[in-house]
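# Please find the sequence and the predicted model below.
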Amino acid sequence: MNHTGRKLLVAAALACTVTACSRSPEQNFQRGVACFKEQKYSKAARYFERALAAASPTAQALNFLGVCRFQEGRLDEAAHDFQEAIKLDSSYAPARYNLALAALQKGQTEDAIMQLRQVVQSDAAPADATYYLGIAYMRSSAWAQAEQALNKYLQTKPDSLEALDNLGVVNTRLRDYTKAKTYFDRCLAARSDFAPACLNLAVLEHHHLGLKQAAIDHYTKYLNLLPKGQRREDVRLAIAQIEQELTAKPKPIEAVHPQPPKSQETSKPTTPAPTQTTASPPTTAPPAQGQASPKPTPPAPQPPPPAKTELVAQVTAPPAPPPPKRRIPIATHTLKAGNRTRAKTYFNEAVQLQQQGKLAVAISTYGKAIAADPSYAQAYYNLAIAYRDSRQPDRALDNYELALMADARFTDARYNYALLLQEQGYTQDAIAQYETLLETNPNDASLHLSIGTLYSRDRATFDKARQHFQTYLKLAPNAPVARDIRRWLDQNP
């Protein structure tokens with residue numbers, strides 16, 4: 001290119017710059033809105049900056065600029081723009097709403113709650129404000145407040161899959177498992193391929209409702225919906241565990257007559273049974289495939305002085321996980337021996353009632369056996385089984401603990417105690433019980449698998465998981481789950 005050509009290009013560029021800068025604030029604002037609608041956020045931001053530099057700032061223009069920066073991931077600058085908009089007009093709900101979304105993205109949950117509580121009281125509140133207030137409460141583990149906010153949102157949008165799924169999660173945290181299942185079922189009835197609800201329902205059925213075959217079905221369906229990813233092996237391990245539990249033979253209950261009846265309890269299986277590795281109460285699953293990260297919809301273009309415009313954005317990040325649950329066992333005390341002969345009479349009667357499915361009467365009768373002999377370990381053990389089958393896990397845990405106080409070497413009681421601790425989300429306590437069993441049964445492959453699987457849920461304990469998985473493969477190299485274990489070891493060297 002000759003010298004003259006270069007001068008012409010420079011002149012054209014200068015003319016372009018002068019033209020852009022010479023536009024009025026209103027023209028720059030309108031150009032910014034046009035670029036915004038085309039999702040050219042960086043270019044739109046430059047026009048809004050020019051409009052704001054050449055005229056008195058308005059809340060709407062600052063809000064537009066903040067959303068552009070929000071879209072580019074410049075959250076601190078976006079938050080500053082929203083704050084400046086609120087200083088100009090404290091009643092401008094879109095800026096306060098978007099400031100809350102930025103706070104959620106930055107993990108500033110309390111700030112988000114403070115802003116959203118003001119937004120929802122405004123007549124100009126964006127439609128999704130109550131939804132994100134519920135999400136913010138979930139991240140703070142304020143489950144009752146989260147339920148209230150999400151239910152209010154559901155009144156306006158009864159078909160919201162995200163709200164139904166999150167209400168299922170909230171009610172699981174509140175331990176209303178029947179209600180939680182209702183929300184997950186409603187979600188899947190509306191859209192059967194909604195993967196987050198499918199996974200959450202599987203976990204709920206697996207760990208809290210005892211619906212093992214249904215859990216397998218939903219885990220399998222989730223696998224079919226899930227793109228290839230990191231959670232696939234965890235779900236396969238969970239399915240393998242349930243299948244082993246379904247085929248495990250029950251342990252007989254002790255009785256004093258010649259033909260002792262059998263217990264409903266699942267005792268330690270003779271074949272390896274993997275333990276669950278997905279989140280143990282349900283957690284909000286990742287967004288469905290194709291779901292976008294936070295993104296405001298374009299507002300209607302209005303020149304300054306601006307009319308109020310709502311910017312609706314979606315935050316899809318799951319709430320931060322709560323701290324690990326820990327079980328506070330009942331206080332240790334001496335269990336004095338009593339009238340064992342009388343206790344066994346009540347015990348045998350309770351066993352028959354339990355087999356007939358009359359759990360409430362069986363529980364009362366086991367109580368009479370224990371009253372006659374407070375040191376009767378087998379009675380506490382069977383009472384724990386009855387409470388577990390009655391879906392009273394806390395009382396079941398209490399009685400497993402009493403059984404172990406009466407007889408610390410009661411292996412079946414300790415094993416089933418560990419299983420129930422695991423099902424209820426007391427991961428560290430379950431590991432402690434499994435490791436106690438391992439001290440006297442170092443070659444029990446199922447114990448190594450259970451402990452390894454629990455350790456594999458936390459990257460900080462992957463080394464321990466590897467040790468137990470490697471031991472498991474030595475003891476059971478041809479087990480059905482061995483291939484999945486080897487794949488996990490290859491992926492986590």
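On my side now, so go ahead.

# Restrict the strand or helix carrying residue 201 to CA atoms and write it as CSV.
In this assignment (DSSP states H and E), residue 201 forms part of helix 195-204. C-alpha atoms of helix 195-204 as CSV (Å, rounded to 0.1, in the frame of the first residue of the first chain):
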residue,chain,number,x,y,z
ALA,A,195,-32.2,-34.6,34.6
PRO,A,196,-31.7,-32.8,38.0
ALA,A,197,-35.1,-33.9,39.3
CYS,A,198,-34.4,-37.5,38.1
LEU,A,199,-31.2,-37.6,40.0
ASN,A,200,-32.6,-36.0,43.2
LEU,A,201,-35.5,-38.4,43.2
ALA,A,202,-33.2,-41.4,42.9
VAL,A,203,-31.2,-40.2,45.8
LEU,A,204,-34.3,-39.6,47.9
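
# average model confidence for it?
For helix 195-204, the mean per-residue pLDDT is 89.

# Which SSE is immediately downstream of it?
The C-terminal neighbour of helix 195-204 among helices and strands, as given by DSSP H and E, is helix 212-225.

# how far out from the middle of the chain is that next one?
On the basis of Cα atoms, centre = their mean, to the nearest Å, the separation between the geometric centre of helix 212-225 and that of its chain is 17 Å.

# ditto for stretch 85-94
35 Å.

# what does stretch 75-84 give?
For stretch 75-84, the gap between its own C-alpha mean and the chain's C-alpha mean amounts to 30 Å (Cα atoms, centre = their mean).

# Check which residues of that stretch are buried.
Of all the residues in stretch 75-84, those buried under the rule 16 or more other Cβ atoms under 10 Å are 75, 77, 78, 79, 80, 81, 82, 84. C-beta here means a position set from N, CA and C on the backbone, and glycine is covered the same way.

# for those residues, which one is nearest residue 201?
Distance from residue 201 was checked for each of those by Cβ to Cβ. The minimum falls on residue 75, at 33.8 Å.

# give me every residue that touches that closest one.
Neighbour list for residue 75: 69, 102, 105, 106 [criterion: Cβ atoms under 8 Å, 6 or more residues apart in numbering].

# If you count contacts, what does the helix holding residue 201 end up packed against?
Other helices and strands packing on helix 195-204, by 3 or more Cβ pairs under 8 Å, 6 or more residues apart in numbering; DSSP states H and E, are helix 161-173, helix 177-190, helix 212-225, helix 232-247.

# and the last one, what does it pack onto?
Packed against helix 232-247, as judged by 3+ Cβ pairs under 8 Å, 6+ apart, are the following elements: helix 195-204, helix 212-225, helix 482-491.

# Now intersect the contacts of residue 75 with the strands, please.
When these are checked against strands using DSSP state E, none is located there.

# Make a ChimeraX selection of the buried ones in these.
For anyone working in ChimeraX, the buried entries among those, judged by 16+ other Cβ under 10 Å, can be selected with:
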select :69,102,105
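
# Tabulate the contacts of residue 75 (CSV), appending distance to residue 452.
Output for the contacts of residue 75, formatted as CSV (distance: Cβ to Cβ, whole Å):
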residue, distance to residue 452
69, 46
102, 41
105, 36
106, 36
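
# what's the farthest-apart pair in the contacts of residue 75?
Between any two of the contacts of residue 75, the greatest separation by Cβ to Cβ is 13.1 Å, found for 69 and 106.

# Residue 370: how many residues sit nearby?
Residue 370 has 23 neighbours, counted by other Cβ atoms under 10 Å.

# Setting aside sequence neighbours, what's the nearest residue to it?
In space, and not counting its chain neighbours, residue 370 is closest to residue 379: 5.1 Å by Cβ to Cβ, 6 or more residues apart in numbering.

# Mind listing residues that contact the one helix or strand the one you found maps to?
Counting by DSSP H and E, the element that carries residue 379 is helix 377-389. By Cβ under 8 Å, 6+ apart, the surrounding residues in contact with helix 377-389 are 253-254, 263-265, 343, 347, 350-351, 354, 359, 362-363, 366-367, 369-370, 373, 393, 395-400, 402-404, 406-407, 410, 412-413, 416-417, 420.

# Please indicate which of those residues are buried?
Buried by 16+ other Cβ under 10 Å: 253-254, 263, 265, 343, 347, 350-351, 354, 359, 362-363, 366, 369-370, 373, 393, 396-400, 402-404, 406-407, 410, 412-413, 416-417, 420, out of these.

# Sort out which of those are in helices and list them.
Residues of those located in helices (DSSP state H): 343, 347, 350-351, 354, 359, 362-363, 366, 369-370, 393, 396-400, 402-404, 406, 412-413, 416-417, 420.

# what would the contacts of residue 75 look like in JSON lines with pLDDT and distance to residue 486?
Shown next, in JSON lines, are those (pLDDT from 0 to 100; distance: Cβ to Cβ, whole Å):
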{"residue": "69", "pLDDT": "89", "distance to residue 486": "47"}
{"residue": "102", "pLDDT": "90", "distance to residue 486": "45"}
{"residue": "105", "pLDDT": "87", "distance to residue 486": "39"}
{"residue": "106", "pLDDT": "85", "distance to residue 486": "41"}
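
# which one of the contacts of residue 75 is nearest residue 116?
Minimum separation from residue 116 among the contacts of residue 75 (Cβ to Cβ) is found for residue 102, which lies at 11.9 Å.

# Now do that closest one against residue 124, distance only.
In this structure, residue 102 and residue 124 are 19 Å apart, going by Cβ to Cβ, to the nearest Å.

# name the helices or strands packed onto the host helix or strand of residue 465?
Taking DSSP H and E as the criterion, residue 465 maps to helix 462-475. When contacts are defined as 3+ Cβ pairs under 8 Å, 6+ apart, helix 462-475 sits against helix 445-455, helix 482-491.

# for the stretch 151-300 of the chain, which spans come out with low pLDDT?
The model of the stretch 151-300 of the chain has pLDDT under 70 over residues 227-232, 248-300.

# quick one, what contacts residue 191?
For residue 191, the residues meeting the contact criterion (Cβ under 8 Å, 6+ apart) are residue 161.

# The helix holding residue 379 to helix 393-406, inter-axis angle?
Between helix 377-389 and helix 393-406, the angle comes out at 170 degrees (axes from the mean of the first three to the mean of the last three Cα atoms, to 10 degrees).

# Can you give the distance of helix 377-389 from its chain's centre?
Distance of helix 377-389 from the chain centroid (Cα atoms, centre = their mean) equals 30 Å.

# what angle do it and helix 359-372 make?
With the same axes, to 10 degrees as the criterion, the two stretches helix 377-389 and helix 359-372 enclose an angle of 160 degrees.

# Quick check: buried residues in helix 377-389?
When burial is assessed from 16+ other Cβ under 10 Å, helix 377-389 yields the following buried residues: 377-389.

# out of these, who's nearest residue 204?
The shortest separation between residue 204 and any of these is 16.6 Å, and it belongs to residue 388 (by Cβ to Cβ).

# Do you know the pLDDT at the closest one?
As summarised for this prediction, residue 388 has a pLDDT of 88.

# now it: how far from residue 325?
18 Å.

# Quick one: the helices in the stretch 51-200 of the chain, in order.
Remark: helices assigned in the stretch 51-200 of the chain by DSSP state H, counting those that start in this stretch are 59-71, 75-88, 93-105, 109-119, 129-139, 143-156, 161-173, 177-190, 195-204.

# Tell me how far the shortest one lies from the chain's centre.
If you compare the mean C-alpha spot of helix 195-204 with that of the full chain, they lie 10 Å apart, counting by Cα atoms, centre = their mean.

# That helix to helix 212-225, inter-axis angle?
Between helix 195-204 and helix 212-225, the angle comes out at 150 degrees (the same axes, to 10 degrees).
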